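[1] sequence and predicted structure, then a few things I'm wondering about:
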Number of protein chains: 4
Amino acid sequence: MKTKDRIILGALTLFNQNGERNITTNHIAAHLEISPGNLYYHFGNKEEIINGIFDNYAQELKIRFKPMAEEDQSNMPSVQIMLSYLDSIFELMWNYRFFYANLPDILSRDEKLKQKYTQAQLALHDNLIAIMNNFRDSGLIALEDDELQALTKTLHLVASCWINYQTAQLSDKEITENIIYQGMLQMLNVVRPMATEQGREQILALEAHYRSRVAASC
Amino acid sequence: MKTKDRIILGALTLFNQNGERNITTNHIAAHLEISPGNLYYHFGNKEEIINGIFDNYAQELKIRFKPMAEEDQSNMPSVQIMLSYLDSIFELMWNYRFFYANLPDILSRDEKLKQKYTQAQLALHDNLIAIMNNFRDSGLIALEDDELQALTKTLHLVASCWINYQTAQLSDKEITENIIYQGMLQMLNVVRPMATEQGREQILALEAHYRSRVAASC
Amino acid sequence: MKTKDRIILGALTLFNQNGERNITTNHIAAHLEISPGNLYYHFGNKEEIINGIFDNYAQELKIRFKPMAEEDQSNMPSVQIMLSYLDSIFELMWNYRFFYANLPDILSRDEKLKQKYTQAQLALHDNLIAIMNNFRDSGLIALEDDELQALTKTLHLVASCWINYQTAQLSDKEITENIIYQGMLQMLNVVRPMATEQGREQILALEAHYRSRVAASC
Amino acid sequence: MKTKDRIILGALTLFNQNGERNITTNHIAAHLEISPGNLYYHFGNKEEIINGIFDNYAQELKIRFKPMAEEDQSNMPSVQIMLSYLDSIFELMWNYRFFYANLPDILSRDEKLKQKYTQAQLALHDNLIAIMNNFRDSGLIALEDDELQALTKTLHLVASCWINYQTAQLSDKEITENIIYQGMLQMLNVVRPMATEQGREQILALEAHYRSRVAASC
DNA sequence: CATGAATGAGACTTCATTCAT
DNA sequence: GATGAATGAAGTCTCATTCAT
């Protein structure tokens, strides 16, 4: 792996573990066993490293939250589709959790990054709307257009904030993958009131699935 | 006003404006036109100032989210009660927004504060549940016990994270009181699917109220 | 007791326990439960407090190391006289140990104090010579004038430095009154080679006395 | 010379001249014309610099106070051997005088250093005993085992404390190499009563040597 | 590409001392 | 005599960043 990529991955690891504020560029270099000078050869400053991490994140976001092509959908039960989206959401949230933990700070320092972030969020929003439309078209949920907009926004917010929200409530030891399954259950709770009869069955199946995973990891 | 209180208020103002990370103890002292020594006469370190701010916040939280006594309730239409709670939520969120913007960072640095925070959240949670129970008893919403728990959690999360969530989406200029009215509308959206017919009417009334305020402030 | 004296005694206690460097004027005031302003009403600065302590010390030094009048001497066996001097030396050293622990520092900061110190030492030196002369005249020790000068100087040095010397060698717990008895034994060791037969007997008696005390305190 | 070593030497110089307490890390950096950041690149804190100085001192102590191998001894008159030890003692004391001037303070702040110091003193003590045994075996001094122990301790104490003791007695101008020759004379005074006839002659020769040096430097 | 010593602004904090009451 | 809030210079240390090799 190239040094530039190693820096991005090493920084991400340390940021997630210790918070961006507590990790200096020297920490990153030491962690990778390279010199600070070398780090600054690849990145002009700390901000650029964060930008590099964000670019990876945006790339993953783009790939994962593309509404499926029709032919693919028909090959897959709706519940599977929802499952894969939920998994994606929380996997990303977990892998880049340092970012959400300091979002206002990080974005306020870097106008360029803020613009990239906003753009990514707009694209994501469109994709989420399309995805929810698919679910409605499949008869899993039933609601008006403006209700669908609102639901999507709530879901996006729950997904974006879940780890932060839980981190604050729990002790350090409890912050594990477990809170991710609980986040998924919470999202299903948000959707359930809008579900059709058919949708409700599938949601209950998913709930059972995640509940067993929570139990298993205890 | 006593210097100690001036420090707490001045620090809160600066933290909200610029982020806690970007405000040094010297900034606070200069802002209040006192010497750094004087600041440290009243607070042993920066952490203690943050603790002082938090104590104010917890105090307000306690007072505002107490379920109303029955006699008070009967004198007030339910919609007014809900209005006052919504106002409280977002006023607090706005007044102490620096805190939520850096929650993981701030709590991870100070175990004592983390415990105070957790305790305050537990008390808040109990009060929120009691308040929602009142709404159910008043026939505004209809749902099972476990659904009520889930709804309360979603509402708490939306309230806690709204400003963060929006801050990230919007440009600096747009972060004004306006986003608060949008947050209230978003919370009403979360509640609406659970509303009874009677409840729905009242929610629509509130929505109209906030929508007019948003329009007015543009 | 007057506040001024309480300050001197309180400062002495804290200095001995923690070292002068680690005790601020605020510590002293807090220890005595008075205000810093009050402390500075009685003493213009920290240096003056140290001067006050020194004056007490010099006063005690003067009283204790006066050669006895002839009539008093004849009423007291020589061994008793030596015992009382040895006790005095180490009691002073112990009570003002902070002072000797930082002698160069303290004196270099305050020319006035340095002069007082030098003067006190000169007076002490004369008294010690006189005392040793008495012992020689009593037939306890036998030596030439220049040897007597050298012996006195060695004894003075051992007494002055003993606590410092031992403090450095031992762990904190071991620094107790015990090291004082050991210091007395060391001084007797210095004198013994010069003792007459009669003197040697008395020295052995004193050694036995201190050795039993060391044993007792273990 | 490497920067790390320059820092150690520069700090030692300044500490000896002004006392460790009065020399800040900024003073050291300014003295060497390097930035404070550079100083902290090489040493994590002021304590580590003091540790570095001590390590140099301990190293010299170890080398200089090794009892001579028999073959070396036979090639050298005893008086020369004693002369070289005395020179070593006072050269070290002089070169590291700041350390002894603040021993209790410095050691109480740094447990690790205290342990290193104690260990060095134990090794030194063993070497001193061996050296004194050699002198006894060479017929320079005559005494019992326990007397030899006591004598060694007195000599160690005189050597350790001499500069402190004299510093306090004299004005700043008088604190020069001169007091070192006086210290050597004082140590000879301590040994003389135990000397054999042969030893006494050699001691007198040494005394004459140092006395002429004292005279010369006035 | 890579090293690692070096920079310097500035963060947090301490503490002897002052002064209005 | 006494209070206690206030001062401000200065000390220790950090860290993003640079640059000669």
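    Yep, it's here.
[2] so which helix or strand of chain A has the lowest pLDDT on average?
    In chain A, the helix or strand scored least confidently by mean pLDDT, DSSP states H and E is helix A:70-74, which has a mean of 73.
[3] hmm, A:F15 and A:H27 touching each other?
    No: the criterion here is C-beta atoms under 8 Å, and A:H27 misses it with A:F15 at 9.9 Å. Glycine gets a C-beta too; all of them are placed from N, C-alpha and C.
[4] for the helix or strand hosting A:N189, list the C-alpha coordinates in CSV.
    Following DSSP states H and E, one finds A:N189 within helix A:178-191. Taking Å, rounded to 0.1, in the frame of the first residue of the first chain, the C-alpha atoms of helix A:178-191 are listed here in CSV:
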residue,chain,number,x,y,z
ASN,A,178,-23.9,-3.6,19.9
ILE,A,179,-25.1,-0.1,19.8
ILE,A,180,-25.2,-0.5,16.1
TYR,A,181,-27.8,-3.2,16.3
GLN,A,182,-29.8,-1.1,18.7
GLY,A,183,-29.6,1.8,16.2
MET,A,184,-31.1,-0.4,13.5
LEU,A,185,-33.9,-1.4,15.8
GLN,A,186,-34.5,2.2,16.5
MET,A,187,-34.8,3.0,12.8
LEU,A,188,-37.2,0.1,12.3
ASN,A,189,-39.3,1.7,15.2
VAL,A,190,-39.4,4.9,13.2
VAL,A,191,-40.6,3.2,10.1
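[5] helix or strand next in line after that helix, which one?
    helix A:197-216.
[6] that following helix packs against which elements?
    helix A:78-95, helix A:178-191 (3 or more C-beta pairs under 8 Å, 6 or more residues apart in numbering or on different chains; DSSP states H and E).
[7] if we use 6 Å, what do you get?
    Contact here means 3 or more C-beta pairs under 6 Å, 6 or more residues apart in numbering or on different chains; DSSP states H and E; on that basis helix A:197-216 packs against helix A:178-191.
[8] so what touches the helix it packs on?
    Identification of contacts with helix A:178-191 by C-beta atoms under 6 Å, 6 or more residues apart in numbering or on different chains yields A:86, A:90, A:154-155, A:158, A:162, A:166, A:203, A:206-207, A:210, A:213-214, A:217, B:150, B:154.
[9] with stretch A:99-118 instead?
    With contacts defined as C-beta under 6 Å, 6+ apart, stretch A:99-118 is touched by A:E20, A:E47, A:N51, A:N164, B:G19, B:R21, B:A101, B:P104, B:T167, B:A168.
[10] what kind of secondary structure is the last one in?
    Spelled out, it's B:A168. helix (DSSP: H, G, I helix; E, B strand; the rest coil).
[11] related to what we said a few turns ago, who's more crowded, A:H27 and A:F15?
    More neighbours surround A:F15 than the other of A:H27 and A:F15, with 25 against 15 (other C-beta atoms under 10 Å in any protein chain shown).
[12] quick check: closest non-adjacent residue to that one.
    A:F98 (3.8 Å; C-beta to C-beta, 6 or more residues apart in numbering or on different chains).
[13] C:E144 versus that neighbour, what's the distance?
    82 Å (C-beta to C-beta, to the nearest Å).
[14] of these two, give the one with the bigger neighbour count.
    In this view A:F98 and C:E144 are compared by other C-beta under 10 Å, and A:F98 has more residues nearby, 25 against 9.
[15] stretch A:136-148 and chain B in contact?
    No: using C-beta under 6 Å from any C-beta of the partner chain, stretch A:136-148 never reaches chain B; the gap is at least 7.5 Å.
[16] in that stretch, what counts as buried?
    By neighbour count, with 16 or more other C-beta atoms under 10 Å in any protein chain shown as the criterion, the buried positions of stretch A:136-148 are A:R136, A:S138, A:L140, A:I141, A:L143, A:E147, A:L148.
[17] pick out the most distant pair among those residues.
    A:S138 and A:E147 (16.8 Å; C-beta to C-beta).
[18] please convert the buried members of the contacts of helix A:178-191 into PyMOL selection syntax.
    Those of the contacts of helix A:178-191 that count as buried under 16+ other C-beta under 10 Å are selected in PyMOL with:
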select buried, (chain A and resi 86+90+154+155+158+162+166+203+206+210+214) or (chain B and resi 150+154)
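[19] which one of the contacts of helix A:178-191 is nearest chain D?
    Lowest distance from chain D to the contacts of helix A:178-191 (C-beta to the nearest C-beta) belongs to A:Q166, with 36.7 Å.
[20] from DNA strand F, how far off is that closest one?
    According to C-beta to the nearest atom of the strand, to the nearest Å, A:Q166 and DNA strand F sit 27 Å apart.
[21] also A:Q119?
    Per C-beta to the nearest atom of the strand, A:Q119 is found 24 Å from DNA strand F.
[22] got phi/psi on that residue?
    Main-chain dihedrals, A:Q119, degrees, to the nearest 10: phi -60, psi -40.
[23] pLDDT score assigned to the closest residue to A:P77 other than its chain neighbours?
    In space, and not counting its chain neighbours, A:P77 is closest to A:Q202: 7.8 Å by C-beta to C-beta, 6+ apart. pLDDT for A:Q202: 89.
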